[in-house]
Each structure stands twice: as C-alpha cells, then as structure tokens.
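[1] Sharing a sequence plus its predicted fold:
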4 protein chains.
Amino acid sequence: MKEIGYVENDTQHAPAGPEVRRRIQESFDRQGLMAHLGARITHIGPGRVHIVLPSRPEVTQQHGFIHAGATSAIADTAGGYAALTVFPEDCDVLTVEYKINLLAPAIGDRIEAVGTVLKSGRTLTVCRLEVHGVRGDGERKLVANGQQTLIRVDKPAAE
Amino acid sequence: MKEIGYVENDTQHAPAGPEVRRRIQESFDRQGLMAHLGARITHIGPGRVHIVLPSRPEVTQQHGFIHAGATSAIADTAGGYAALTVFPEDCDVLTVEYKINLLAPAIGDRIEAVGTVLKSGRTLTVCRLEVHGVRGDGERKLVANGQQTLIRVDKPAAE
Amino acid sequence: MKEIGYVENDTQHAPAGPEVRRRIQESFDRQGLMAHLGARITHIGPGRVHIVLPSRPEVTQQHGFIHAGATSAIADTAGGYAALTVFPEDCDVLTVEYKINLLAPAIGDRIEAVGTVLKSGRTLTVCRLEVHGVRGDGERKLVANGQQTLIRVDKPAAE
Amino acid sequence: MKEIGYVENDTQHAPAGPEVRRRIQESFDRQGLMAHLGARITHIGPGRVHIVLPSRPEVTQQHGFIHAGATSAIADTAGGYAALTVFPEDCDVLTVEYKINLLAPAIGDRIEAVGTVLKSGRTLTVCRLEVHGVRGDGERKLVANGQQTLIRVDKPAAE
C-alpha cells in the first residue's frame, strides 16, 4: 500500500493531468443526479476533487437549508472521483460506505465538497470528505465532515 | 431513556395517528429536494417511516444505477421522520450524522428506504436505515444499510 | 453476492459445524487482548458469533462503567468471527472499518456482543454489531449498536 | 457554535493550562481499562490529546499485531479527552458514536492515538481520530483514521 495525500500536499492543489481530468469529467457528465441537482466539478487534482452545488429551492430541506442528502451526494461523489484520479485508466470505483457528520446548517450561496484521498491500496481506498458553505463574499464555513471507503473495480468491457 | 422499537414490533407496521401523519407529511412536502428527486412517503408508523424513489435518469450515477447520493438522501430522510414520529409536537429533528454501506447496485423500478427508531432519548435518537431495491414483480433486495444519530431541537417559534 | 442472514434466521441460533467452531475458537485463543480483557466466546453459529465480557475494574472508564473501548473491542471481534464462519477454511478476515453508537452506560454483571452477517460477498462482508448489558437476573438492555465492513484475505501460508 | 481547531493550529501543539491537564490526567487515571492495557497520556493541548500504547502480547489479535479493539480504545479515549479540554470545568463528556477505518496493520513498538476537536458546540462535539504506528527509530505510519461524536454532560454532583 502506498500512502497518498495523507498530509495535504501542494500537489493536490495543482490540477491533474489532462487525460485524468477528461476521464473524470466525462464520467461526471454521465451522472444524471449531478446534473439534476445542478452540481459541477470545480477542481480535479491528484487525489483531490472539488464539487460545487449552488443553493436553490430544488435542493432544500423543510427549513430552506440545503438538504443533508444533497450535501452527502456531492461529498460522496467528490470522494469517489478523488479516488479515481489515483487509479489506472482501466479501473472504476464504487463507494463501499461512508459516514458523515452534519456540523452546521448549509447557509450561503453554494456549498463546496472536497474529497481527499487519505490512503489508497490495491483494493480499497479511504477518503476524507469535507463540505463548506460559501457565501457570496467568499466567507467559508465547514458544514459537514466525513470519511469514506471505496473499492476499485475493473471497468466493464463494454464501456 | 425509553427504548422504542428496538426489536421490530407490530405497532411500527400500523400507521401512526392522523395528527402525526399530517405533521410529517406537511414537513416532507416542504422539502424541495424530495419533490425534485421524485420521492414520496409511503408509510408513517410509530417509529418507522418508508420513502419510495422511482428510478429515472435524473437520479442515476455514471452507469445508470440509482446514485448512492439519492439512496442516502431518502434513507436519511426516512430516519429523520421516523424519529419525528416519537417526538412531542413542538419539536423538530436534525441529523447529527449517519453511516451507510452500499451493499449492491440499486437495480429495479424503484428503491424504498425504511427508517426505524432503535433508541430514542431526551436529546439523541438512533435510527436504523435500510434501502431495498424493488422490481416491478415485487422482488426486493437490500441495497444499502446504515445507522443514523439525530438530535431533537425546539421548533422555531415563527413556524 | 449471496445474502446471508439478512433477516435473522433460525440457522444462526443453531451452532455451526464442529470444524468451523474449532477453527474460530483456536483463532480467538490466539488473541492476547481477548484473554487480557477476560472475554470469551459463548456462541458460534453460521453468520453469528456471541462474545461475553464480565464487568470488573480492569475494563472500566472513569465512572466505573465498562469502557466504550472494551465494548467496541468485543463487538468488533464478534463481527469478525461471524464473517469468518461463512468463509472458506483457507481464508482469514480483517476489519476494514466499523461505526458504533454507545446507547446507554454498560451497567450489569457482564456485556454480550452479538455479531451478525448482513451481507457476504466475494471480497467484502458487512456485519451488524449489537452489545447488550446483562444483569445477574438475566435482564438485558441494548448498550451499543454498530455496523462493520470486513475484507476476506488469503490465510498466510506459514500458519 | 464556535469552531475550534478545524484547521490544525499551533495552539493545539502547545500544552494546555495546568488546571486542564490535572483534571484530564486525574480522569484518565481512574480508567481501569487504560491502565490494564498499559496506555498513557503523552500530550494534553487545547483541543488535542495524544495517548500512547506500547505493543505487547496482552494487546494483540490472532496474528500478533495490535488488536483493532485496542487501537480503537485509545483513539476513542484521546478524542474524548480532546473534547474535555475545551469544556467548562463542571462538565463531563460521553462518546455518542465513532467510526474508524483500520488502514494498515499496527506494526511497531507502540501506537499513538491523536484526538483533535474539529467542531465544538454547546451540546455536541466532533473529533478527528488518528492512530499512528511508531517504530523504535521514530518512523511513523498512519494505521487508523476515524471520526467521533461526543456529548457534553453535567458532572455528577457527588464527584
């Protein structure tokens, strides 16, 4: 097992190579849910992916805040693609499980999920999930924090 | 602390009283995300709530299965409302955290989330979350299983 | 993937075959921690293992209740061996991760952990973990509830 | 809610005040399990506590590595005391739940658990848990990573 990105490193903040970015963007674009929620990828680095979700009525819970389910959906997706950045090209990724704490109401113009690879092994990868609320003036607040386990699988031959 | 519903009991399969059902349905109807996903409540029992989500392109991941984020969103919501069924009327509920294992691809016509109260205390409540894939012929398969912690809060006076 | 024991079945309450029981007892007996804590296996069924830990000062936290760490240790071990009961003989098991809620102080003469296989696949297995406080008069109370992911590994050749 | 220590800060690496350290050391010393395992506190900073456990046969699993239960026990305890450092003196702390990934076998002379407060509110506190294997030559390796929810409670009057 090699350890990737455990202590946050500068590499993660740089963009990944064009081939990796293309592969992940294409996969993301096939996710009906992400388009339906209005989410988009804003950063693809080695072992680190950011996804932004603007606040609008379609993603809220009963008090008008962003729904924990929407928060989790982009967190889970950011972690999955963060794992995919460190896999060989012919592999795909499935979420085994994740745990997330909702720390504060997701107030603001948008939320941003950050998935970061903590450890990547031959079979399993573990990611850290963080979601920040972001206001128009750029002020950020941590609204959710989690941890995710993923499994590497062979890509179906037909795809 | 009273223990509610730890061993599944017959009461949970009966509907809750009309006042509880009205209160929960109204809250659910204010959730923009649930309407946007196409989810609906199909059962409100004491300590137990079911939510169904039909499969359609708007809720899928990159391989056409229902997205783990959609699965989690209805599981989290089912658990939250299961907790709310056992709270006094002037209380509301917030998810503290949850953990969910994705056990199998969510294949089928729809998925059904079942939230069941395991333990309800003065401040915290713990629920079990289960999501089943359901085919048109009624065959069911467990696709996700989780555990959730919720906190009881006073309902804002303005509502 | 075959689903094992999702709905609790009678088989789990019957003992496993003698070969499985011998293999698991021998592995358990090599665990220095379990002996040091004073834990013992009390049931080995197909997909289900029970471990009992008597209360004594060596396993307490600062208020004299059984320490969450001791509760978790026997829960994790019960789940691991529950998984092992459904594996081929030449396989071993490692805990990938688990999540546990501590529901109530572990009061009583002893605690009993019950690990139950929810789903067992070729690579990963998911177990439910339950820990009950048991008084001398036999009264039981659920004190912890969790969920665990395990991975099947080849047994080292040397053993 | 005030956010404490989310981005690791220098303060956490400095020792806490003498009163806080005395209070936590006294509580730790009353934990029968920690003494029985051979664990000791090695750092008490504001929002951050370290606990070391030397490797010896009494804390192992069946292959001679440190048992996940022992790893979890010191991780849970480190997180609990990290939370306690930021509480008023008349409060105590209980673990609500935690989730931990076992990333690598705990090889080495000892393991060191680091509990760090991510967020501390009036009722609930969330901590990050990390456990490192440490060899005699000082080389460190992350062996477990987790996340924990704690609740603040009034200290019993009698104590």
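    Everything's here; your move.
[2] Might you name the residue of chain A sitting closest to chain D?
    residue A:99 (4.3 Å; CB to the nearest CB). Just so you know, the C-beta spots here come from the backbone N, C-alpha and C atoms, and that holds for glycine as well.
[3] Low-confidence regions, chain A specifically.
    A:1-12, A:156-159 (pLDDT under 70).
[4] Enumerate the positions of the longest strand that it contains that are buried.
    The longest strand of chain A (DSSP state E) is strand A:140-154. Buried positions in strand A:140-154, judged by neighbour count with 16 or more other CB atoms under 10 Å in any protein chain shown: A:141, A:142, A:143, A:144, A:145, A:146, A:147, A:148, A:149, A:150, A:151, A:152.
[5] check the residues you listed against chain B, which are close?
    Applying CB under 8 Å from any CB of the partner chain, the subset of the buried residues of strand A:140-154 adjacent to chain B is empty.
[6] quick one, phi/psi of residue A:101?
    phi -100, psi 130 (degrees, to the nearest 10).
[7] try residue A:86
    Dihedral angles for residue A:86 - degrees, to the nearest 10 - are phi -100, psi 10.
[8] in the sheet, who's paired with the closest residue to it other than its chain neighbours?
    With sequence-adjacent residues excluded and distances taken as CB to CB, 6 or more residues apart in numbering or on different chains, residue A:86 is closest to residue A:120, at 5.0 Å. Residue A:120 has the following beta-bridge partners by DSSP bridges: residue A:2, residue A:125.
[9] Please identify which helix or strand holds the residue nearest the centre of chain A.
    For chain A, residue A:78 is the residue whose C-alpha lies nearest the centre (CA atoms, centre = their mean; 0.8 Å). Assigned by DSSP states H and E, residue A:78 falls within helix A:68-85.
[10] quick one: is that helix near chain B?
    Yes: counting by CB under 8 Å from any CB, chain B is contacted by helix A:68-85 at A:68, A:69, A:70, A:72, A:73, A:74, A:76, A:77.
[11] does the first one really touch residue B:76, like I thought?
    Yes: assessed by CB atoms under 8 Å, residue A:68 is found in contact with residue B:76 at 5.4 Å.
[12] which residues are in contact with both of these two?
    residue B:95 (CB atoms under 8 Å, 6 or more residues apart in numbering or on different chains).
[13] Residue A:90 - how many residues pack around it?
    Neighbour count for residue A:90, taken as other CB atoms under 10 Å in any protein chain shown: 8.
[14] One more: residue A:55?
    20.
[15] what does residue A:107 give?
    15.
[16] Go ahead and confirm it touches residue A:64.
    No: using CB under 8 Å, residue A:107 is not in contact with residue A:64, being 9.4 Å away.
[17] Up against chain B, what does chain A have?
    Going by CB under 8 Å from any CB, the residues of chain A near chain B are A:27-28, A:30-37, A:56-63, A:67-70, A:72-74, A:76-77, A:94-102, A:156, A:159.
[18] go again using 6 Å as the cut-off
    A:27, A:30-33, A:36, A:57-62, A:67-70, A:72-73, A:76, A:95, A:97, A:99, A:101-102 (CB under 6 Å from any CB of the partner chain).
[19] if you skip the residues just before and after it, what's nearest to residue A:30?
    In space, residue A:30 is closest to residue B:62, 4.2 Å off (CB to CB, 6+ apart).
[20] got the residue ranges for the strands in chain A?
    Along chain A, the segments classed as strands by DSSP E run A:40-45, A:48-54, A:91-102, A:110-120, A:124-134, A:140-154.
[21] Same list, those, but as CSV with distance to residue D:112 please.
    Formatted as CSV, these follow (distance: least, CB to CB, whole Å):
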stretch, distance to residue D:112
strand A:40-45, 29
strand A:48-54, 26
strand A:91-102, 23
strand A:110-120, 17
strand A:124-134, 19
strand A:140-154, 19
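[22] out of the ones you listed, which comes closest to residue C:126?
    strand A:91-102 (8.0 Å; CB to CB).
[23] Show residues contacting the closest one.
    A:68, A:72, A:76, A:80, A:83-84, A:144-153, A:155, B:68, B:95, B:97, B:99, B:101-102, C:99, C:149, D:99, D:126 (CB atoms under 6 Å, 6 or more residues apart in numbering or on different chains).
[24] list the contacts for residue A:43?
    residue A:50.
[25] Please name the bridge partners of it.
    Assigned bridge partners for residue A:43, using DSSP bridges, are residue A:50.
[26] At the contact with chain D, which residues of chain A appear?
    So chain A meets chain D at A:6, A:99, A:101, A:103, A:118, A:119, A:126, A:142, A:145, A:147 (CB under 6 Å from any CB).
[27] I'd like to know how far the third one sits from chain C.
    Residue A:101 sits 11 Å away from chain C, going by CB to the nearest CB, to the nearest Å.
[28] what's the neighbour count on that residue?
    Neighbours of residue A:101 (other CB under 10 Å): 26.
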